[in-house]
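Engineer: What shape does this take:
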Amino acid sequence: MEQAHQADRRAYASALSGHRNPEREQATLRVWMGAVVLLAYGIFAWLRPSHDASMVTRLIAIYVTYGVITLLIVSRMKASSGKRLTVTTIADQALLGLALGSGGATALPLIWVMFWFLIGSGCRYGKRTLAVSCATASCVIAALGIWQPWWSENLPAAIGLGLSVLGASVYLSVLVDRLGNANRDLARQASTDPLTGLSNRYALEQIVDRAMATPEAGDRQATALLLIDLDGFKEVNDTYGHAVGDMLLQSFAQTLAKRMRKTDTIARLGGDEFVVLAHQVRDRAAVLAVADSIHSVLGAITSVQERPVSVSASIGACLLSSATAARQSGMTAVLRAADRAMYRAKSLGEGKTVFAETRDFESN
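Structural biologist: Numbering: from 1, shown residues only. Here you go, the predicted model:
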């Protein structure tokens, strides 16, 4: 069970790895890549001094300074800013345009940077930022073709560059869509139990931890975790085989998902253990009503593939407010208390529900 939990954690973390802080990552690259280009042009200006080489080197130095400033700002901000992102996206291409405009033929090796900005904007932030970067680059190219002497004399090159920017942006837009869909599919798979299609343990943990960490006590007081263990499931497996047992789990999961409210979270922890995280339950009577629905779902399952089965549930219920009162937090503490209550329910016979008490939160 613990190995499966760790696998869920790794997969889920991999699926969400794109949320690390792309704005800081881009600002860091802005400094380091700019410094490398500055060094290269500095050496070139020293070996072959000219007005154009000097101007390009100075503008690259300005860009590196701008990169350091953006990195310092982003490092002090806890959240990304849409306005800041738009400004930096435009500034990246605009400063490059100034270098291309000031350096003429000397600055031509910097054309690759225009596409680097497009790729960085699209892959990190999506199609909206890609569109801003593409529009800025197109305006820069148009301005170069009209006012910069070298580009005016080589207008076909400017037109070709402009078409290349548009073509690359369209292709990147398609890739961004596919990448986004792939990430969503991966995140969904990483948070879903493959047998039943319900949430898995790690996805449930995220929901419980958020509920426990919320500043409003009302959310905790109105939420209960019900740990469900299927009595008689082992006999079904032993009698008919694991294939029939899996079908029983799938049938229970599908019926339970239809019976529970849309606001509730249903998860499979593994084996024959399930959890219902019931929201908007103000007292034990409301929690018992949810538990009765679970018992009735199992009571209605009398056969699987024309094979008779008899399965019931032992349920351990734990109000999140009880965990708070016991100065405990997180799903581990709540699940431990619900597990102890569930075993007491099992000792009372089939189809019983028992609430966790304060003593259930005490570590052994």
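
Engineer: ok, which stretches of the stretch 1-150 of the chain are helices?
Structural biologist: 2-15, 22-47, 51-76, 82-103, 111-125, 127-147, 149-153 (DSSP state H, counting those that start in this stretch).

Engineer: And those helices: which comes nearest Val309?
Structural biologist: Between Val309 and the helices of the stretch 1-150 of the chain, the shortest separation by CB to CB is 25.2 Å, and it involves helix 2-15. (C-beta placed from N, C-alpha, C; glycine too.)

Engineer: could you dump the helices of the stretch 1-150 of the chain to TSV with distance to Met342 and mean pLDDT?
Structural biologist: Below are the helices of the stretch 1-150 of the chain laid out as TSV (distance: least, CB to CB, whole Å; pLDDT from 0 to 100):
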stretch	distance to Met342	mean pLDDT
helix 2-15	18	45
helix 22-47	43	90
helix 51-76	47	92
helix 82-103	47	91
helix 111-125	46	89
helix 127-147	48	93
helix 149-153	75	92
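
Engineer: For Gly330, find the nearest of these.
Structural biologist: So among the helices of the stretch 1-150 of the chain, helix 2-15 is nearest, using CB to CB, at 13.7 Å.

Engineer: ok so, going back, I'd like the helices of the stretch 1-150 of the chain laid out as TSV, including mean neighbour count.
Structural biologist: Formatted as TSV, the helices of the stretch 1-150 of the chain follow (neighbours: other CB atoms under 10 Å):
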stretch	mean neighbour count
helix 2-15	14
helix 22-47	16
helix 51-76	17
helix 82-103	19
helix 111-125	19
helix 127-147	19
helix 149-153	14
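
Engineer: between these, which gets nearest to Arg268?
Structural biologist: Arg268 sits nearest to helix 2-15 of all the helices of the stretch 1-150 of the chain, at 10.6 Å, using CB to CB.

Engineer: So Leu269 lies in a strand, does it not?
Structural biologist: Yes - under DSSP: H, G, I helix; E, B strand; the rest coil, Leu269 sits within a strand.

Engineer: residues near it, how many?
Structural biologist: 22 (other CB atoms under 10 Å).

Engineer: Quick check: it touching Arg201?
Structural biologist: Yes - between Leu269 and Arg201 there is a contact under CB atoms under 8 Å: 5.1 Å.

Engineer: Can you name every helix or strand that the helix or strand containing Arg210 contacts?
Structural biologist: Element membership for Arg210, per DSSP states H and E: helix 201-213. Helix 201-213 is packed against helix 2-15, helix 217-221, strand 265-270, strand 273-279, helix 320-325, helix 331-347, with contacts defined by 3 or more CB pairs under 8 Å, 6 or more residues apart in numbering; DSSP states H and E.

Engineer: closest to Gln305 out of the helices of the stretch 1-150 of the chain?
Structural biologist: That would be helix 2-15 among those, by CB to CB, at 26.6 Å.

Engineer: Against Leu225, how distant is Gly330?
Structural biologist: 12 Å (CB to CB, to the nearest Å).

Engineer: tell me, what's touching these two both at once?
Structural biologist: Common contact partners of Gly330 and Leu225 (CB atoms under 8 Å, 6 or more residues apart in numbering): Val208.

Engineer: okay, those two: which has more neighbours?
Structural biologist: Between Gly330 and Leu225, counted using other CB under 10 Å, the more crowded position is Leu225 (28 against 13).

Engineer: My guess is that one contacts Phe274. True?
Structural biologist: No - with contact defined as CB under 8 Å, Leu225 and Phe274 do not form a contacting pair (11.2 Å).

Engineer: Dihedrals phi and psi, Gln148?
Structural biologist: Note on Gln148: its backbone torsions stand at phi -90, psi 130 [degrees, to the nearest 10].

Engineer: can you tell me which residues contact it?
Structural biologist: Counting by CB under 8 Å, 6+ apart, Gln148 has contacts 100-101, 104.

Engineer: try 10 Å this time
Structural biologist: Gln148 makes contact with 97, 100-104, 107, 154, 158, according to CB atoms under 10 Å, 6 or more residues apart in numbering.

Engineer: While we're on it, how confident is the model there?
Structural biologist: With respect to pLDDT, Gln148 scores 92.

Engineer: between the contacts of Gln148, which is closest to Ala286?
Structural biologist: Proximity of those to Ala286 (CB to CB) peaks at Gly97, which lies at 63.5 Å.
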